[in-house]
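*Asks:* Sequence and predicted structure, then a few things I'm wondering about:
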Amino acid sequence: MNRRLPLLEGRADATARCTYCPKLCRPACPVATVEGRETVTPWGKMRAMDELLRGVEPAEEASRAAMAWACTGCGRCATLCLLDNPVAETLFEGRADALANRIAPAPVSQLVAGWTDRRARLQEAALEARLVGAGARVAVVPGCRAVREDPAGARRTVRAVGEMVGACHAVGGECCGAPLWDAGDREGFFRQAARFVAAVGEDATELVVADAGCAWTLRTLYPQFGLAPERWTRVEHLSETAARKIDRLQPVAVDGDVAVHDSCRLGRGLGVYDAPRQVMERILGRALVALPTSHEHSSCSGGGGLLPITRPATARAIAEELAGEVREVGPDVAVVTSCTSSRSQLRKAGVRADDLADWIARSLGVAGDAD
Ligand code: SF4
Ligand code: SF4
């Protein structure tokens, strides 16, 4: 059956290129590694998109479409592809077309259908945690997950930014829209982005963003689609702000080895590798230990691209693989991450993992409930 697949049609060259390739990128894909099946290699997923474009039997459409979500968006395949083929970008366009054609996996459709309720719950949590504000030149984005799961920690993050840059206000009641982008709901994402921009307010010209995924969304997708107002002169990840203000950071006494995990969106996504290391070495007053994979080859935690809801067992297995890497370095290594999903994935896999934001707050003497 031939569907209307306008975004995938624009990627027909890319899907064809993978189809005829000897799969150079195969070892890079965390989903393919843990599932051990050809159908979920970057090649297999692009082939599924190619087949959707060519038309398959109605009974086979949903299984082909599901391949678009068998991806964390980690970008690791791009590091081994000699043809610069845009796999993640193509799969995410496949998501949008599949959702529009109502052949998306059920958890994805449920996320989109439940967005209004989810947004209301976030606003309620943010108001209760006093993470809504306006009027300052700097707006701090603590991240929805932090607001929902650790409101005191999110308040500490906002206070810590205040210690570094002066007056700032929190944007905790509106999501940047990243989950809708991952779901393939482009219109929903654009609507949510407009709400987010309104919540940042007219006065803010600089954003400090704690979560790597939010920072990537605001720095890549917003400009790409003309969603970022011109008055936003600087959108920084928190590690970059702390690196600029490094003299403000005070040492924190801690025993044992500490390693930085390069999250996919901050590292491969934004090219930010040095700032978290500079900040952590300043805080520790000594060198970090290195994980077996790092920088552009850093392993994915399995927390991105909605994989934890579309393929939960795979997401857990990917986290276990990363936990195994951490244990190769030492049984008690503490991991610092800038990605809330990675922190959650690593903790579930039994690794001591903390947000960089927590370390920065401790270093600046922001403790307790941060009131
Ligand atoms: S992403 Fe590149 S290396 Fe991987 S299958 Fe496609 S063309 Fe080949
Ligand atoms: S972006 Fe990551 S998860 Fe997606 S196909 Fe490439 S390597 Fe696999």
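*Replies:* Everything's here; your move. Residues are numbered from 1 along each chain as shown. Ligands and ions are numbered 1, 2, ... in the order given.
*Asks:* contacts and neighbour counts: CA atoms only from here.
*Replies:* OK.
*Asks:* how many neighbours does the residue nearest to Arg352 when sequence neighbours are not counted have?
*Replies:* Closest residue to Arg352 apart from its sequence neighbours, by CA to CA, 6 or more residues apart in numbering: Ala334 at 5.0 Å. Per other CA atoms under 10 Å, the neighbour tally for Ala334 reads 20.
*Asks:* when you give positions from now on, start the count at 450
*Replies:* Shifting the count to begin at 450 puts that one at Ala783.
*Asks:* can you tell me which residues contact Ala783?
*Replies:* Ala783 makes contacts with Gly705, Asp706, Val707, Ala708, Val800, Arg801, Ala802, Asp803, as judged by CA atoms under 8 Å, 6 or more residues apart in numbering.
*Asks:* what's the answer for Glu745, then?
*Replies:* So Glu745 contacts Arg525, Thr528, Gly716, Arg717 (CA under 8 Å, 6+ apart).
*Asks:* now Val649
*Replies:* Applying CA under 8 Å, 6+ apart, we find Val649 in contact with Ala583, Ala588, Val620.
*Asks:* Looking at the residues you listed, which are in strands?
*Replies:* Within the contacts of Val649, residues falling in strands by DSSP state E are Ala588.
*Asks:* Now tabulate the contacts of Glu745 in TSV and tack on pLDDT.
*Replies:* As requested, the contacts of Glu745 are arranged in TSV below (pLDDT from 0 to 100):
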residue	pLDDT
Arg525	97
Thr528	94
Gly716	98
Arg717	98
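*Asks:* Check what pLDDT the closest residue to Leu755 other than its chain neighbours gets.
*Replies:* By the measure of CA to CA, 6+ apart, the closest residue to Leu755 outside its immediate chain neighbours is Asp631, 6.4 Å from it. According to the prediction, Asp631 has pLDDT 98.
*Asks:* And Asp631, how close does it get to Arg568?
*Replies:* 16 Å (CA to CA, to the nearest Å).
*Asks:* and what of Gly705?
*Replies:* Computed as CA to CA, the Gly705 to Arg568 distance reads 40 Å.
*Asks:* who has more neighbours, these two?
*Replies:* Neighbour tally, Gly705 and Arg568, criterion other CA under 10 Å: the higher count belongs to Arg568, 16 against 8.
*Asks:* which element is that one on?
*Replies:* Assigned by DSSP states H and E, Arg568 belongs to helix 564-577.
*Asks:* Packing partners of that helix?
*Replies:* Helix 564-577 sits against helix 593-598, with contacts defined as 3 or more CA pairs under 8 Å, 6 or more residues apart in numbering; DSSP states H and E.
*Asks:* Check which residues of the helix it packs on are buried.
*Replies:* Residues of helix 593-598 classed as buried: Cys593, Arg594, Ala595, Val596, Arg597 (neighbour count, 16 or more other CA atoms under 10 Å).
*Asks:* Name the SS class of the residue of the stretch 550-699 of the chain at minimum distance from ligand 2, please.
*Replies:* Here the stretch 550-699 of the chain gets closest to ligand 2 at one residue, Asp631, 11.9 Å apart by CA to the nearest ligand atom. Classification of Asp631 using DSSP: H, G, I helix; E, B strand; the rest coil returns helix.
*Asks:* Pull the contacting residues for it.
*Replies:* By CA under 8 Å, 6+ apart, Asp631 lies in contact with Phe541, Arg544, Gly754, Leu755.
*Asks:* Could you give the number of residues near the last one?
*Replies:* Residue crowding around Leu755 was assessed by other CA under 10 Å; the count is 24.
*Asks:* I'd like to know how far it sits from ligand 2.
*Replies:* 11 Å (CA to the nearest ligand atom, to the nearest Å).
*Asks:* before we move on, what about the second one?
*Replies:* Here the distance between Arg544 and ligand 2 works out to 12 Å (CA to the nearest ligand atom).
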